[in-house]
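Visitor: need a structure here:
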Amino acid sequence: MGRLFGTDGVRGVANSELTCDLAFKIGRAAAYVLTKETKHRTKILIGKDTRISGDMLEAALTAGLCSVGANVVSLGVIPTPAIAYLTRKYEADAGIVISASHNSAEFNGIKIFSSTGYKLNDETENRIEAIILDDAEEISLPTGDAVGRVTRCDAATDDYVEFAKSTIKCDLTGMKIAVDCANGASYQTAVKVLNDLGAELYVIHNHPNGTNINLNCGSTHTEEFREYVKNINVDIGLSFDGDADRLLVSAENGDLVDGDKIMLICAQYLKERGMLKKDTLVTTVMTNLGLVLAAKELGINIVQTNVGDRYVLEEMLASGYILGGEASGHIIFLNHNTTGDGLISALQLLSIVKEAGKKVSELASIFKTLPQVIVNAKVQNTKKYTYSEDKIIMDEIAALEKEFDGRGRVLVRASGTEPCVRVMIEGEDMAVIKEKAATLATLIEARLG
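Guide: Here you go, the predicted structure:
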């Protein structure tokens, strides 16, 4: 078995790659590592998205946690960022989310937050992994009244809702907002927050049945939703993903407003008010070159990291920045939460839209997006990190980089959450970059498929 933890926890096809046995072992090892030094009875929160496999995996994970004496508090269906916040609010020793985020329903995953509400660092994940795979440390199992118990907290959703509303200083009265909940974890929280703030809502994909999460909806499938927004005369459309840590936006005219544009709109607003720490926005290497050029004109510094919101967060914490994220819609407002939070991102943008009195399409013209194509080369999960060892693949990448030098860029990386290698090319001609990206992806599939 290869490395368990990717860029966003453990993820795989539920009951095949992510089994109940593995979930049990993760629970047992995580509770041991995270709470070994505590002098009190350990408390660990568990939340999940709407996938059918969530109940099964929660039962296994809970058993593992309780087997080492941890008390488990089940929060039910709730967004990933809510767990990050509530872990701190409830003074828990850890928070765990059962979710595969934007992936389709057959996948599931396990993400772990420390007592401070941050995702685990590599060192802690490696220690948990070594216990599971290599029996690196012996875990003693308690008996009698030292075994953990399970309780349920019914106040979690309301507590998160009140927190989210507190992050802006205005209401949303008079705003017409379309919301795509992706049949996922935002189907209650986002609707309640926006209703409470006075918005007029048009909500779709808010009837989860366990298998329709992210199914042709949400932030990974915005085409139909953007057409819907354009045709119903609303001010803005909000698209969340399955666990509600991502946000993409549709302008009133149906144009996509991705994470890059949301971030730069917010960064400019904060900078103008002296609130953007060190006048810096943290992005990843996947950020569109158009943002980088526009930020320079606005006097905003751009710091880039490896792909993954965890690496964005690490840079923010290390250097004292407050805003960062990814084009995919993972945006971290560190003044408000310790992880990407789709609802918080939506509220920050909505408050700017209302204060500015401008259309979303006007705000989104803050920069011109250079043509960019991302093609996923589907490969064996065990081989996706080996593309850089293949001379034929690397020679082709080098040739493309030389071809686009000065007029675009080429970026190839293994996905941290899916069995694929992502090929991204930016350039001046969409037809050309589509052809080049598809050709390179086909080569990678042929070599590693």
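Visitor: Quick one: the strands in the stretch 301-449 of the chain, in order.
Guide: 301-305, 323-325, 331-333, 372-378, 409-414, 420-426 (DSSP state E, counting those that start in this stretch).
Visitor: Check the stretch 51-200 of the chain too.
Guide: 71-77, 94-98, 107-114, 150-152, 176-180, 200-204.
Visitor: ok, back up a step: can you say which of the strands of the stretch 301-449 of the chain is packed in most?
Guide: Highest mean neighbour count of the strands of the stretch 301-449 of the chain: strand 323-325, a mean of 28 (counted as mean count of other Cβ atoms under 10 Å). Backbone N, C-alpha and C define where each C-beta goes, glycine included.
Visitor: Who are the packing partners of it?
Guide: helix 259-272, strand 280-284, helix 309-319, strand 331-333 (3 or more Cβ pairs under 8 Å, 6 or more residues apart in numbering; DSSP states H and E).
Visitor: secondary structure class for M286?
Guide: Following DSSP: H, G, I helix; E, B strand; the rest coil, M286 is assigned to coil.
Visitor: What separation is there between it and V312?
Guide: 11 Å (Cβ to Cβ, to the nearest Å).
Visitor: What of T338?
Guide: 12 Å.
Visitor: re earlier: compare M286 and V312 (neighbour count), which wins?
Guide: Legend: neighbour count by other Cβ atoms under 10 Å for M286 and V312, higher for V312 (26 against 21).
Visitor: how close does the more buried one sit to D395?
Guide: 31 Å.
Visitor: Between T338 and V312, which contacts overlap?
Guide: Contact with both T338 and V312 is made by residues I332, according to Cβ atoms under 8 Å, 6 or more residues apart in numbering.
Visitor: For A318, grab the count of nearby residues.
Guide: For A318, the neighbour count with other Cβ under 10 Å is 8.
Visitor: Can you check which of the strands of the stretch 301-449 of the chain gets nearest to G117?
Guide: strand 331-333 (11.7 Å; Cβ to Cβ).
Visitor: strands paired with that closest one, and their directions?
Guide: Strand 331-333 has the following sheet partners, assigned by DSSP bridges: strand 323-325 (antiparallel).
Visitor: related to what we said a few turns ago, need the strands of the stretch 51-200 of the chain in a markdown table with distance to R3, can you?
Guide: Formatted as a markdown table, the strands of the stretch 51-200 of the chain follow (distance: least, Cβ to Cβ, whole Å):
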| stretch | distance to R3 |
| --- | --- |
| strand 71-77 | 26 |
| strand 94-98 | 19 |
| strand 107-114 | 14 |
| strand 150-152 | 30 |
| strand 176-180 | 33 |
| strand 200-204 | 38 |
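Visitor: and S186, which of those strands is closest to it?
Guide: strand 176-180 (8.0 Å).
Visitor: Just want the angle from that closest one to strand 200-204.
Guide: 20 degrees (axes from the mean of the first three to the mean of the last three Cα atoms, to 10 degrees).
Visitor: by contact count, what packs against strand 176-180?
Guide: Packed next to strand 176-180, using 3+ Cβ pairs under 8 Å, 6+ apart, are helix 186-196, strand 200-204, helix 223-231, strand 236-240.
Visitor: Go through the ones you listed and pick out the most buried.
Guide: Mean neighbour count (mean count of other Cβ under 10 Å) peaks for strand 236-240 among the helices and strands packed on strand 176-180, with a mean of 28.
Visitor: Surely K384 is in contact with G416?
Guide: No. At 9.4 Å, K384 does not count as touching G416 under the criterion of Cβ atoms under 8 Å.
Visitor: which of the two has more neighbours?
Guide: Of the pair K384 and G416, K384 is the one with more neighbours under other Cβ under 10 Å, namely 22 against 18.
Visitor: ok, now how distant is that one from E396?
Guide: 17 Å.
Visitor: pLDDT below threshold where in this protein?
Guide: 1-2, 406 (pLDDT under 70).
Visitor: what about 50?
Guide: By pLDDT under 50, the low-scoring segments of the chain are 1.
Visitor: Buried residues in the longest helix seen in it, which are they?
Guide: Criterion DSSP state H: the longest helix present in the chain is helix 430-448. Buried residues in helix 430-448, counted by 16 or more other Cβ atoms under 10 Å: V432, I433, K436, A437, L440, A441, L443, I444, R447, L448.
Visitor: List of residues touching that helix?
Guide: 371-380, 383-384, 386-387, 390, 392-393, 396-397, 400, 403, 408, 412, 421, 423-427.
Visitor: One more: stretch 219-238?
Guide: Residues external to stretch 219-238 that are found in contact with it (Cβ under 8 Å, 6+ apart): 102, 175-180, 182, 190, 202, 204, 214, 216-217, 239-241, 246-256, 328-329, 342, 346, 349-350, 353, 359-360.
Visitor: unless I'm mixing things up, E355 is touching C170, no?
Guide: Yes. Counting by Cβ under 8 Å, E355 touches C170, with 7.1 Å between them.
Visitor: Show me the common contact partners of M286 and V312, please.
Guide: Shared contacts of M286 and V312, defined by Cβ under 8 Å, 6+ apart, comprise E326.
Visitor: number of nearby residues for the residue lying closest to G184 once chain neighbours are set aside?
Guide: Using Cβ to Cβ, 6 or more residues apart in numbering and skipping the chain neighbours, the partner closest in space to G184 is G242 (3.7 Å). When neighbours are counted by other Cβ under 10 Å, G242 registers 33.
Visitor: mind giving me the domain split of the protein?
Guide: 5-155, 171-366, 372-448 (automatic domain parsing).
Visitor: closest to F163 out of these?
Guide: domain 5-155 (5.7 Å).
Visitor: distance between that closest one and the chain's centre?
Guide: With Cα atoms, centre = their mean, to the nearest Å as the basis, domain 5-155 stands 18 Å off its chain's centre.
Visitor: same deal with stretch 328-338?
Guide: The answer for stretch 328-338 is 10 Å, by Cα atoms, centre = their mean.
Visitor: G95 and E224, how far apart?
Guide: 34 Å.
Visitor: okay, the longest helix of the chain in PDB with CA atoms only?
Guide: What follows is helix 430-448, C-alpha atoms only, in PDB (Å, rounded to 0.1, in the frame of the first residue of the first chain):
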ATOM      1  CA  MET A 430      -7.100  28.500 -27.000                       C
ATOM      2  CA  ALA A 431      -7.200  26.100 -29.900                       C
ATOM      3  CA  VAL A 432      -3.400  25.600 -29.800                       C
ATOM      4  CA  ILE A 433      -3.200  25.000 -26.100                       C
ATOM      5  CA  LYS A 434      -6.200  22.600 -26.100                       C
ATOM      6  CA  GLU A 435      -4.400  20.500 -28.800                       C
ATOM      7  CA  LYS A 436      -1.100  20.600 -27.000                       C
ATOM      8  CA  ALA A 437      -2.600  19.700 -23.600                       C
ATOM      9  CA  ALA A 438      -4.600  16.800 -25.000                       C
ATOM     10  CA  THR A 439      -1.600  15.400 -26.800                       C
ATOM     11  CA  LEU A 440       0.600  15.500 -23.700                       C
ATOM     12  CA  ALA A 441      -2.200  14.000 -21.600                       C
ATOM     13  CA  THR A 442      -2.600  11.200 -24.100                       C
ATOM     14  CA  LEU A 443       1.100  10.500 -23.900                       C
ATOM     15  CA  ILE A 444       1.100  10.400 -20.100                       C
ATOM     16  CA  GLU A 445      -1.900   8.000 -20.200                       C
ATOM     17  CA  ALA A 446      -0.100   5.700 -22.700                       C
ATOM     18  CA  ARG A 447       3.000   5.600 -20.600                       C
ATOM     19  CA  LEU A 448       1.400   5.300 -17.100                       C
END
